[in-house]
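Undergrad: return atomic coordinates for the entry below.
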Amino acid sequence: MTSQTLYGWFLASADAHPDDMALEVTTTALTYAQLRTAVERMSALMHDELGRPPHRVGLLTSRSLVGYIAYLAAQRLGAACVPLNPAAAAGRNLAITADAGLDLTVVDDTSGDGATEYQVTTDAAILDMRGDRTGVVLATEPALTIPPRVARDTDDVAYIIYTSGTTGKPKGVPTTHANVSAFLDDVITRYFLAPGCRVSQTFELSFDGSIVEIFGSWGSGATLCVAQHTDVFTPVKFVNAKRLTHWMSVPSLISFARRLRALPPNSMPNLLGGFFGGEALTMEQVQAWSAAAPKARVFNCYGPTETTVTVTGYQVPLAQDEWVETSNRSIPIGDLYPRMEYVLLDADLRPGDDGELCIRGPQRFPGYLDSSENAGRFVSFDGERASVYDGAEPLTAEHWYRTGDRVRREGGELVHLGRIDDQIKIRGNRVELGEIESALRKHPAIAEVVVITLTAPDGEIDLHALYTGGEVPDAELAGMVEELPQYMRPRGFHHRAEIPLTTVGKVDRKRLTDEFGMTPATGQR
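TA: Next up is the predicted model:
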């Protein structure tokens, strides 16, 4: 198994393929040699800003040349990258900045409306790359003193992705270089990534799916082709314009393109692979994609952030009569990568063929940034019954991470059946409903609040908040969640006299959903 740092993966390709194209963003294209030079110059700006190598670098950028160069420059200086979401409110990014202990944040022209508030409030140093500053790293003048590369151990943290948390604050998931190496070592071969391949980049940096796009490409000598926001929703146009061999995205983009009538049969004849993850992939979606890209192999990719992007990559058979007919008409997630282990635990924490998926292996993260979050999220297992980790003893590689996903083996394959708790995936983003409830509960008139998920007629997932106490104007409630990302804001607010409970005293979400006369939503992670 290859084990090296993220920058080491890039550097190996830059040494082997200096004249091959590495990155294309809008109208700018850089070879591996040019990108390496730009990274070295960006690392000089970072070093000069602090007077030393940074420890953790925030990236308040979106699909920009600066963002990709800065990601590599931070890695070159031995820093862990912490992507921030420019679409999120400044308060959320400030909370992440403090929690992660960022000492430097990079901003550019894509940083959004919250950048100004962020800059005047944060304690982190700011490397301002707005305006014509991008030209400084692309040019050879003025001369910059390039700092030496900082060596890092593979057990050091490569990046930290923040997910939604039940306590009302984002939860930091650190991933080590060893975790990522184990992942890349498998998927680069599995997804036939190699020099000459041209790979889409559709995920935001703040979503861990971006790692397979970015470093799967740079770790294999392929070209990373960055899709802007409008490109993502018209995949055919982007695939053909960029001559892509690999497309990666959440499955819902297939449905969106179909609604726009933008996915006609045989419209992507040269695409070789379609890779989908972050939510359930349905048979109907695969049928539509395969008709549009008849040469493309389709993969259903599954994995929580805590297990480094994905741990399965089920290849859908080309012949439809060979498809596994699952109970929920979703495509199987398939077996885990060879070096990963799993067990399915029932409600009594006993192993079986149906239950919560628990995972361990070299891709499993070392534990949450806030170690108090580890309690209850891992189990130890003696072969007969598992014991829940209480946080009192050190977390070891022997512990299994509890994904919270219910999985069953059907037709010889693992099938994702939904969440066992109230966590969901919305447009590829993991959401703890408790975080939304926590934000709304701060209103003094609200006594209780429950957020439920419903599948709308068009197949998209909608959030609805139901609350008791005094009736509050919708506009006020909308203001309570404006600090949250757009995808976490409820579509509707509904006042109720009471919240129904089950016989064991839990919120009866099924009854609440039934009252709407709609289908409860589930989301593959």
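Undergrad: residues contacting stretch 13-26, please?
TA: 29-36, 63-65, 68, 195-196, 217-221, 223-226, 228, 242 (Cβ atoms under 8 Å, 6 or more residues apart in numbering). Just so you know, the C-beta spots here come from the backbone N, C-alpha and C atoms, and that holds for glycine as well.
Undergrad: measure it end to end?
TA: Start to finish, the residues bounding stretch 13-26 are 23 Å apart (Cα to Cα, to the nearest Å).
Undergrad: ok, residue 193 - contacts?
TA: For residue 193, the contact set (Cβ under 8 Å, 6+ apart) comprises 187, 199, 216-217, 219-220, 222, 246.
Undergrad: give me the subset of those residues lying in strands.
TA: 199, 246 (DSSP state E).
Undergrad: out of the contacts of residue 193, which is nearest to residue 162?
TA: residue 216 (21.8 Å; Cβ to Cβ).
Undergrad: distance check, the closest residue to the closest one other than its chain neighbours against residue 215.
TA: Among residues not flanking residue 216 along the chain, residue 193 sits closest, at 5.3 Å (Cβ to Cβ, 6 or more residues apart in numbering). As judged by Cβ to Cβ, to the nearest Å, residue 193 and residue 215 stand 10 Å apart.
Undergrad: next: residue 510.
TA: In terms of Cβ to Cβ, residue 510 sits 41 Å off from residue 215.
Undergrad: now residue 287. Nearest residue, chain neighbours left out?
TA: Per Cβ to Cβ, 6+ apart, closest to residue 287 is residue 320, 7.4 Å.
Undergrad: measure that neighbour to residue 275 for me?
TA: 19 Å.
Undergrad: same deal with residue 293?
TA: From residue 293 over to residue 275 the distance is 12 Å, taken as Cβ to Cβ.
Undergrad: mutual contacts of these two, please.
TA: Residues touching both residue 293 and residue 275 (Cβ under 8 Å, 6+ apart): residue 247.
Undergrad: before we move on, the earlier item: the more surrounded of residue 510 and residue 215?
TA: Shown here are residue 510 and residue 215; by other Cβ atoms under 10 Å, residue 215 has more neighbours (28 against 12).
Undergrad: pLDDT score assigned to that one?
TA: Listed pLDDT for residue 215 reads 98.
Undergrad: go ahead and confirm it touches residue 184.
TA: Yes. Using Cβ atoms under 8 Å, residue 215 makes contact with residue 184 at a distance of 6.1 Å.
Undergrad: between those two, which contacts overlap?
TA: With contacts defined as Cβ under 8 Å, 6+ apart, the residues shared by residue 215 and residue 184 are residue 9.
Undergrad: okay, now the closest residue to residue 409 other than its chain neighbours: neighbour count?
TA: Residue nearest to residue 409 in three dimensions, not counting chain neighbours: residue 353, with 4.9 Å by Cβ to Cβ, 6+ apart. Neighbourhood size, residue 353 [other Cβ under 10 Å]: 11.
Undergrad: and residue 353, what pLDDT?
TA: So, for residue 353, pLDDT stands at 92.
Undergrad: repeat for residue 506
TA: pLDDT recorded at residue 506 is 53.
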